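Student: just a sequence and a predicted model for now, questions to come.
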Amino acid sequence: MNLAIEIVVCDKNPWVVSGLRGLFESDPRFAVVAEVGDGQRFLDLVRQRRFDVGVTGWVMPGLDGRGVLSALRNLADAPSVVVYTGALDPDIPRQVMALGGAGFCPKRAEPERLLEAVVTVAHGNMVFPRIDPTKLYDDPINQLTERELQLLAELAEGATNAGIARRMGISANTVKFHLKNLYDKLGVQNRVQAIATYVSNRTRAQ
């Protein structure tokens, strides 16, 4: 007997979560094992138990889809992730692929398309719209680590080096070290330029 594909649903909108649970539970190929409302809770769940596929939003409070995928790159035996979003930025599928996501499905698509995407991903394949491979790594933010993404978010909130050190539990010298690496990866010279890059990227994703 075939085992059901175990899924965790992650979305900021509880109505979307409820709808996805109903969709998957109406099909015997799937079993929804958990529901969460943000990226950090999704990562916490990844560390607690095994499951096959995560279906997650892209724009979420706290840790968003980009942050989730960045964190999963550093975890052994991480589940495959299909990003399911209503965000209209046509560049999101490229970002998802560059960050190691397994699939992308827009919320405007027919429900059957999401179901088949999850089945395809669960069997070790990828599901994406046509993407120009020469542009896959154009966005430098895609190359940041989870810690660097957190640091960039702190900068955007106006935190000082000392404040960042306290909140992240590291020394001020370590903050400076991470900032240098962050600036190098983004191709900027200072925090003002780094924040501008971050804000521009977030605006395009919403």
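Tutor: Received the coordinates, thanks. Numbering: from 1, shown residues only.
Student: I figured V46 hits L72, correct?
Tutor: Yes - counting by C-beta atoms under 8 Å, V46 touches L72, with 7.0 Å between them. Yep, even glycine has a C-beta here, placed from its N, CA and C like the rest.
Student: now list whatever residues contact both of the two.
Tutor: Common neighbours of V46 and L72, counting by C-beta atoms under 8 Å, 6 or more residues apart in numbering, are A78, P79.
Student: domains of this protein?
Tutor: Residue ranges for the domains of the chain, per automatic domain parsing: 5-135, 140-205.
Student: any idea how far I164 is from the residue nearest the centre of the chain?
Tutor: Nearest residue to the geometric centre of the chain (C-alpha atoms, centre = their mean): G65, 2.3 Å. Distance of G65 to I164, computed by C-beta to C-beta, to the nearest Å: 23 Å.
Student: do R73 as well
Tutor: 22 Å.
Student: one more: I141?
Tutor: From I141 over to I164 (counting by C-beta to C-beta), the distance is 18 Å.
Student: how about the nearest residue to M97, chain neighbours excluded?
Tutor: F128 (5.7 Å; C-beta to C-beta, 6 or more residues apart in numbering).
Student: I'd say that neighbour and F104 touch.
Tutor: Yes - assessed by C-beta under 8 Å, F128 is found in contact with F104 at 5.3 Å.
Student: now do the shared contacts for those two.
Tutor: Joint contacts of F128 and F104 (C-beta under 8 Å, 6+ apart) are P93, V96, M97.
Student: can you count the residues close to the first one?
Tutor: Here the count is done by other C-beta atoms under 10 Å, and P93 has 21 residues near it.
Student: just to be sure, it is in a strand?
Tutor: No - secondary structure assignment places P93 outside any strand; it is helix (DSSP: H, G, I helix; E, B strand; the rest coil).
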